[in-house]
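Visitor: model the structure of this input:
(chains A and B)
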Amino acid sequence: GAVVSQHPSWVICKSGTSVKIECRSLDFQATTMFWYRQFPKQSLMLMATSNEGSKATYEQGVEKDKFLINHASLTLSTLTVTSAHPEDSSFYICSASTGTTSTDTQYFGPGTRLTVL
Amino acid sequence: TQLLEQSPQFLSIQEGENLTVYCNSSSVFSSLQWYRQEPGEGPVLLVTVVTGGEVKKLKRLTFQFGDARKDSSLHITAAQPGDTGLYLCAGLYNAGNMLTFGGGTRLMVKP
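Guide: All right, here's what the predicted structure looks like:
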């Protein structure tokens, strides 16, 4: 149980295009979903936290107009990288949690590798 | 901003050797987690420690939470090539569920 999927797993796009990444909780309802970015040989950096039906909370330094997050249902959150540039190339990972407290485990997706040419 | 420092950043050892990875912060954790991540995949949770002084074992892996809940360690006994990967500690502060990740320790175990 507690499986989180991401789609696509790998995407290559041209500079200036927008890319949408989906994060789904397959067998549980996710009250909260998190989006992380991981550059090569580095750790995970939290980009934003989203709760179902409300606006996402972005971490300092993350442009909310560039990284659009939609958490429209309890099983789906999407991250859209608008007008992508080569510096946006990274490994994007989502996680989903059943609650909002420290006792609620985060379940991580397999990640989406974005390459912007 | 809470910072989690992991050391060492890189570790290359021979099969059969023991190793310890450290995770330190100046802030108190409400709980701390250790993850292992393989290239091109998401992190996989290994353990969660909650109580100061707590020790948990997972086969050849031993996790310890400091008494003051500001630090943790991961000890691997008789490392095997299958242990190769990126080990990440992540802390939860106060009552929220936002994880702060350490910088990671990249482990390579040579046969």
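Visitor: list the contacts of the residue most central in space within chain A.
Guide: Closest residue to the average C-alpha location of chain A: A:W35 at 3.4 Å, with Cα atoms, centre = their mean. By Cβ atoms under 8 Å, 6 or more residues apart in numbering or on different chains, the contact list for A:W35 reads A:23, A:46-48, A:50, A:67, A:69, A:77, A:79, A:92-94. Using the backbone N, CA and C atoms, a C-beta is placed for each residue, glycine as well.
Visitor: could those residues go into a markdown table alongside neighbour count and pLDDT?
Guide: Output for those, formatted as a markdown table (neighbours: other Cβ atoms under 10 Å in any protein chain shown; pLDDT from 0 to 100):
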| residue | neighbour count | pLDDT |
| --- | --- | --- |
| A:C23 | 28 | 96 |
| A:L46 | 19 | 93 |
| A:M47 | 23 | 95 |
| A:A48 | 22 | 94 |
| A:S50 | 25 | 90 |
| A:F67 | 20 | 97 |
| A:I69 | 24 | 94 |
| A:S77 | 30 | 94 |
| A:L79 | 26 | 97 |
| A:Y92 | 23 | 97 |
| A:I93 | 26 | 97 |
| A:C94 | 31 | 96 |
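Visitor: what subset of those is also close to chain B?
Guide: For chain B, the contacts drawn from the contacts of A:W35 by Cβ under 8 Å from any Cβ of the partner chain are A:46, A:93.
Visitor: surely A:A72 is within a strand?
Guide: Yes - A:A72: assigned to a strand according to DSSP: H, G, I helix; E, B strand; the rest coil.
Visitor: is residue 13 bridged to anything, and to what?
Guide: I'll assume chain A. A:C13 forms beta bridges with A:V116, as assigned by DSSP bridges.
Visitor: if you could check chain B rather than the one you did, that'd help
Guide: With DSSP bridges as the criterion, B:I13 is bridged to B:V109.
Visitor: who's in contact with residue 67?
Guide: Using chain A here. Per Cβ under 8 Å, 6+ apart, neighbours of A:F67: A:35, A:47-48, A:58, A:79-82.
Visitor: sorry, I should have been clearer: chain B.
Guide: Applying Cβ under 8 Å, 6+ apart to B:D67 gives the contacts B:52-53.
Visitor: good, we can wrap up now.
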